[in-house]
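> need the 3D shape of this:
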Amino acid sequence: MTTPHSTPRPWADGRWTTPPAAARTDGEDLLVTAVEGSDAWRVTSYGFIHDTEHALLAPLAEGEAVEVSFRADLPKQFDQAGVFVRVDAETWVKAGLERSDGVLQLGAVVTAGRSDWSVAPVDDWAGREVTVRVSRTGDALIVRAAPVGEPWQFVRVTPLDPEAVAEAGPFLCAPTRAGLEVRFTAWRTGPADASLH
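So this is what the prediction gives:
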């Protein structure tokens, strides 16, 4: 399922948007513990702005893709992990898995001043190693995801200015509790997907 020609990116290449409670390597994996109350959201429906996500970011140019693999151990309400793409405080996307209303959900939050949110249930992915892939092609971000060894599942296509300077990488948040630890197993970059279909 890993896309050909992708290259591992060292964890040390990234910088945190908000430092996590803890981060350490375990062999080739990165174990990260979220701070209670960490989240990313802007205004819509809830009325608040949260910009305390733990995202480990490095440059993402037009024509490139980023893949993040992690263990889908997200047992509590709003536990989340995946890929974060950031242009600035008001322009960003988070895509991946989130526990919502007792079910593991696959989805994305797209923010251009205000956030939106879409999800679909994937409870059978719980506890498995999952990869989220975001391709930056022309004026679009294309999001796909799958458990390791299975075909990609389309998640979202959303606009992004091809001239924008963006960064991307793994992220996690724990809006409602302390103690969420996520095992990230890979961070890779490579050519963007040639097409949407």
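
> can you tell me how far residue 87 sits from residue 60?
With the distance defined as CB to CB, to the nearest Å, residue 87 ends up 10 Å from residue 60. From N, CA and C alone the C-beta is placed, and that goes for glycine too.

> quick one, which of the two is more surrounded?
Between residue 87 and residue 60, counting by other CB atoms under 10 Å, residue 60 is the more crowded of the two (26 against 17).

> partners of the more buried one in the sheet?
In this structure, residue 60 has the following beta-bridge partners (DSSP bridges): residue 166.

> so for the lowest-mean-pLDDT helix or strand in the chain, what gets flagged as buried?
Taking mean pLDDT, DSSP states H and E as the measure, the helices and strands of the chain show their lowest mean at strand 49-51, namely a mean of 93. Neighbour-count burial for strand 49-51 flags residue 51 (criterion: 16 or more other CB atoms under 10 Å).

> that one pairs with which strands?
Taking DSSP bridges, the sheet neighbours of strand 49-51 turn out to be strand 40-42 (antiparallel).

> ok, now how distant is the most centrally placed residue in the chain from residue 47?
In the chain, the residue lying closest to the centroid (CA atoms, centre = their mean) is residue 83, at 1.7 Å. When distances are taken as CB to CB, residue 83 and residue 47 turn out to be 26 Å apart.

> returning to that earlier point: what do residue 87 and residue 60 both touch?
Shared contacts of residue 87 and residue 60, defined by CB atoms under 8 Å, 6 or more residues apart in numbering, are found at residue 166.
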